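Q: Sequence below, structure please.
(one chain, ligands or ions: 2)
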Amino acid sequence: MNTPSAANTAAPSALTWVEASAPAKVNLILQCGAPAEAGGYHPLTTVFQALSLRETVRLQRRDDHELYLTQEARTPADEPAELAAELSDLDPAKHLAYRAVKAVLDYAGIDAGANIHVIKRVPVAGGMAGGSADAAAALLAADTLFATGLNESGELDVLAAQLGADVPFCLQGGLALGRGRGDELTALADGPTRTWVMLTNQRGLSTPGVFAQADHRHALGLEKLSELVEAEGDIAAALQISQNYLLPAEVPTELTEAQSRGLFTAENWQQFLAVLENDLQLPALDLRPDLAEIMEQAAAAQLPDGTPVVTKPIISGSGPTIAVPVQNLAEAEAVKAAVQGSETLHQAIILTGPVAGAQIDASGE
Ligand SMILES: C[C@@](CO)(OP(=O)(O)O)[C@H](O)COP(=O)(O)OP(=O)(O)OC[C@H]1O[C@@H](n2ccc(N)nc2=O)[C@H](O)[C@@H]1O
Ligand SMILES: Nc1ncnc2c1ncn2[C@@H]1O[C@H](COP(=O)(O)OP(=O)(O)O)[C@@H](O)[C@H]1O
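A: Ligands and ions are numbered 1, 2, ... in the order given. Okay, here's the model as predicted:
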């Protein structure tokens with residue numbers, strides 16, 4: 001539960017509307033441990049990179065005390081698009097932008113109303129934190145419109161973590177190490193700009209569903225190990241089961257030297273590819289085996305002259321978006337061409353990262 005400030009003492013703002021945006025993300029590293037109790041949150045060590053696809057939230061004061069939510073979808077190129085049914089059917093009170101504005105008003109003890117308009121560009125339930133970006137943009141917009149001072153005091157980060165594990169990162173942006181639920185952030189130096197082809201999918205994947213599948217694999221792994229012990233199997237087989245199925249009780253909380261080198265050494269592409277990993281990839285592929293084929297097609301991409309594109313497709317967060325790192329636009333186009341015609345593919349979007357976190361883009365009195 002939030003502890004509301006006794007009274008909002010900040011100077012009231014003269015603004016009547018503000019527009020904020022916040023970025024999508026990809027997890028360059030996602031190491032997942034076993035939850036302390038069944039069904040609980042999983043301890044994570046993750047490296048987030050903010051991507052150049054942003055959600056926009058426009059907030060306008062109302063004369064009454066209502067919060068009123070509207071939303072529209074746009075393509076990454078900013079053309080009008082169809083809003084996902086999952087979002088148009090969602091109870092507005094459960095929408096992350098609405099919940100974020102309400103959280104700021106409640107916490108700051110402000111009795112005010114607002115129209116909240118959300119422009120969605122990030123695919124819903126895609127593992128790219130679109131909902132969290134809405135929440136982050138809405139938190140900052142509300143903090144600015146109502147002059148709460150919560151961003152300056154650091155309290156906005158606390159509200160962010162209460163809204164979801166990815167929300168603090170969408171607020172902060174850049175490149176960051178996330179621990180705990182993924183919400184305990186340490187900013188990392190930006191390092192080189194990376195280019196990604198994000199292969200979005202026609203169907204989403206549920207984040208809790210993928211974490212539950214990781215737990216299921218863990219239980220399966222323990223069974224396999226006990227069978228192996230009974231059969232007096234070898235250590236190599238035990239290691240393989242452990243790597244593919246088990247979630248450790250604790251995950252390493254610091255980056256290794258090799259990981260840091262891979263993230264920050266621009267010259268060595270192979271080192272960068274080597275550090276990319278995602279413990280949610282196998283569980284996501286269990287639930288969506290069709291994604292493996294798209295990943296294989298992307299990995300086999302070739303330039304028009306037949307030169308192979310050296311890459312390593314990974315699942316973004318809990319999926320189903322596939323993130324394909326490339327070194328230039330020619331390679332990006334080659335990846336796009338390689339996955340053309342995949343049945344469940346939705347879009348191939350070329351993005352770069354890291355980019356800034358939530359920011360105010362416009363405001364007016
Ligand atoms: C997997 C990740 C990787 O960055 O991102 P997405 O793929 O969703 O974008 C995140 O951990 C997701 O963050 P987010 O989507 O904000 O999750 P939340 O709303 O806080 O939690 C949704 C559900 O996911 C599970 N969950 C989430 C985070 C975590 N460390 N352990 C978990 O077990 C819990 O079942 C929780 O109820
Ligand atoms: N503003 C929002 N945008 C997207 N999803 C939202 C939003 N508010 C609530 N949700 C719910 O959160 C779920 C996951 O959202 P999203 O952030 O798009 O994906 P992911 O967690 O895979 O990155 C959706 O299935 C939806 O039901």
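Q: which residues of the chain fall in strands?
A: For the chain, the strands defined by DSSP state E cover 17-32, 44-62, 67-74, 80-81, 113-120, 175-179, 184-188, 194-201, 277-278, 314-315, 322-326, 345-353, 359-364.
Q: Show me the longest helix that occurs in this structure.
A: Taking DSSP state H as the criterion, the chain has its longest helix at helix 207-230.
Q: Check which residues of that helix are buried.
A: 207, 210-211, 213-215, 217-218, 221, 224-225, 228 (16 or more other C-beta atoms under 10 Å). Backbone N, C-alpha and C define where each C-beta goes, glycine included.
Q: Identify the residues contacting it?
A: 32, 34-35, 38, 42, 125, 127, 237-238, 241-242, 244-247, 279-280, 282-284, 286-287, 317-319 (C-beta atoms under 8 Å, 6 or more residues apart in numbering).
Q: Recalculate using a threshold of 6 Å.
A: Residues from elsewhere that reach helix 207-230, judged by C-beta atoms under 6 Å, 6 or more residues apart in numbering: 42, 237-238, 241, 245-247, 280, 283-284, 286-287, 318.
Q: is stretch 313-332 anywhere near ligand 2?
A: Yes. Stretch 313-332 reaches ligand 2 (C-beta under 6 Å from any ligand atom) through 317-318.
Q: how long is that stretch end to end?
A: End-to-end distance for stretch 313-332, by C-alpha to C-alpha, to the nearest Å: 12 Å.
Q: Where does the prediction get shaky in the chain?
A: Scanning the chain for pLDDT under 70 picks out 1-12.
Q: Mind doing that once more with 90?
A: Residues of the chain that meet the criterion pLDDT under 90 lie in 1-14, 37-39, 228-235, 237-238, 265-267.
Q: Can you give me the domain assignment for it?
A: The chain breaks down into these domains under automatic domain parsing: 17-192, 195-207+233-353.
Q: Enumerate every residue touching whichever residue of the chain sits closest to ligand 1.
A: As assessed by C-beta to the nearest ligand atom, ligand 1 sits closest to residue 317 within the chain, at 2.5 Å. The neighbourhood of residue 317, defined by C-beta under 6 Å, 6+ apart, consists of 27, 127.
Q: do the same with residue 196
A: 323, 325, 351.
Q: Just the buried residues of the contacts of helix 207-230.
A: Buried members of the contacts of helix 207-230, counted by 16+ other C-beta under 10 Å: 42, 241, 245-247, 280, 283-284, 287, 318.
Q: of the buried residues of helix 207-230, list those near ligand 1.
A: Restricting these to those near ligand 1 by C-beta under 6 Å from any ligand atom leaves 207, 211.
Q: Export the buried residues of helix 207-230 as a markdown table, with columns for distance to residue 301.
A: Below are the buried residues of helix 207-230 laid out as a markdown table (distance: C-beta to C-beta, whole Å):
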| residue | distance to residue 301 |
| --- | --- |
| 207 | 28 |
| 210 | 26 |
| 211 | 31 |
| 213 | 28 |
| 214 | 29 |
| 215 | 34 |
| 217 | 29 |
| 218 | 34 |
| 221 | 33 |
| 224 | 35 |
| 225 | 37 |
| 228 | 38 |
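Q: Which one of the buried residues of helix 207-230 is nearest to ligand 2?
A: Closest to ligand 2, out of all of those and judged by C-beta to the nearest ligand atom, is residue 207, at 4.4 Å.
Q: The residue of the chain closest to ligand 1 and residue 235: what is the separation?
A: Using C-beta to C-beta, to the nearest Å, we find residue 317 at a distance of 33 Å from residue 235.
Q: burial measure for the nearest residue in space to residue 276 that is not next to it in sequence, as a count.
A: Computed as C-beta to C-beta, 6 or more residues apart in numbering, the closest residue to residue 276 that is not its neighbour in sequence is residue 314, at 5.1 Å. For residue 314, the neighbour count with other C-beta atoms under 10 Å is 25.
Q: what do you get for residue 81?
A: Residues lying near residue 81 (other C-beta under 10 Å) number 15.
Q: Spatially nearest residue to residue 99 (excluding sequence neighbours)?
A: Nearest residue to residue 99 in three dimensions, chain neighbours excluded: residue 163, at 6.1 Å (C-beta to C-beta, 6+ apart).
Q: my guess is residue 301 contacts residue 338, does it?
A: Yes. Using C-beta atoms under 6 Å, residue 301 is in contact with residue 338, at 3.8 Å.
Q: Within range of ligand 1, give me the residues from the stretch 1-150 of the chain.
A: So the stretch 1-150 of the chain meets ligand 1 at 27, 30, 41-42, 44, 46, 127, 129, 132 (C-beta under 6 Å from any ligand atom).
Q: And the residues you listed, which of them are buried?
A: When neighbours are counted using 16+ other C-beta under 10 Å, these contain these buried positions: 27, 30, 42, 44, 46, 127, 129, 132.
Q: about what we covered before: ok, the residue nearest to residue 276 to residue 295 distance?
A: As judged by C-beta to C-beta, residue 314 and residue 295 stand 8 Å apart.
Q: same thing with residue 42?
A: Remark: distance between residue 42 and residue 295 (C-beta to C-beta) = 23 Å.
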